[in-house]
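Trainee: Starting from these lines, generate the structure:
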Amino acid sequence: GRRGAGAVPGSSTTAPAAAMSGARLSESDKALLAEKGLGFLVDTIEQTQRDADRAFVIHAAALVFLMQCGFAMLTVGCVRTKNTKYILLKNLLDSCASALGFWAVGYGIAYGASEGGNPIIGNEYFFLVGFPMEDAHLWFFQFAFAATAATIVSGAVAERTKLVAYMLYSGFLTAFVYPVVVHWV
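Mentor: Numbering: from 1, shown residues only. Modelled structure (predicted):
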């Protein structure tokens, strides 16, 4: 599917080496483990690999999401002192508006299947209905990028827009503009 990379083919090395190298267990590796009486480890190794993959994606998403703090500090350094609290509140609310927009329709447009002859946007996963929750880490990863894309503009419009207008922009960007481009790419 479009939500993540496919499995990496297993190697011809022994099963423990394949597991430690990050490769998926191949059928021959599974057979080798079963032959040596260690077949019960197959499920444990595969679950450990899935958990490590999820932890890595969540860690990467957190690093991308922390760019919000960097943009906030950059913007605060460029505005008058009296507007510091306003800018910090705007960046916090920007994340909230981005989360709502991306949750409601953004993810569905970007990563929903486009069956039915619609190559422009996806047509499933709106409000994450039907979304497999074991892939929630992938949603968070994509949300972090969408929110960061919306926040980049915040510094350019600091002290120049009303809060409501900026929140509408942020929600619109993460719900419609960014997801359409992501779906095309």
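Trainee: low pLDDT regions in the protein?
Mentor: Applying pLDDT under 70 to the chain flags the ranges 1-23, 117.
Trainee: Please name the nearest non-neighbouring residue to the residue nearest the centre of it.
Mentor: The structure's the chain has its C-alpha centroid closest to Phe141; by C-alpha atoms, centre = their mean the separation is 1.6 Å. The spatial neighbour of Phe141 that comes closest, neighbours along the chain excluded (C-beta to C-beta, 6 or more residues apart in numbering), is Ala61 at 4.1 Å. (Each C-beta comes from the backbone N, C-alpha and C, glycine too.)
Trainee: Would you mind listing the buried residues in the host helix or strand of the one you found?
Mentor: Element membership of Ala61 [criterion: DSSP states H and E] is helix 41-65. For helix 41-65, a neighbour-count test (16 or more other C-beta atoms under 10 Å) marks Leu41, Val42, Ile45, Gln49, Val57, Ile58, Ala61, Val64, Phe65 as buried.
Trainee: now swap in stretch 165-182 and tell me
Mentor: Across stretch 165-182, burial judged by 16+ other C-beta under 10 Å covers 166-167, 169-171, 173-175, 177-180, 182.
Trainee: Out of those, the closest to Asp53 would be?
Mentor: Among those, Val182 lies closest to Asp53 (C-beta to C-beta), at 21.0 Å.
Trainee: For stretch 172-185, measure first residue to last.
Mentor: End-to-end span of stretch 172-185 (C-alpha to C-alpha, to the nearest Å): 19 Å.
Trainee: What is the distance between that stretch and the centre of its chain?
Mentor: Distance of stretch 172-185 from its chain centroid, counting by C-alpha atoms, centre = their mean, to the nearest Å, is 14 Å.
Trainee: what's the answer for stretch 94-104, then?
Mentor: That offset, for stretch 94-104, works out to 13 Å (C-alpha atoms, centre = their mean).
Trainee: Same question for stretch 126-137.
Mentor: For stretch 126-137 - counting by C-alpha atoms, centre = their mean - the centre lies 12 Å from the chain centre.
Trainee: Quick check: buried residues in that stretch?
Mentor: Result for stretch 126-137 [16+ other C-beta under 10 Å]: buried residues Phe126, Leu128, Phe131, Asp135, His137.
Trainee: Restricted to helices, list these.
Mentor: When DSSP state H is applied, the buried residues of stretch 126-137 are split such that His137 fall in helices.
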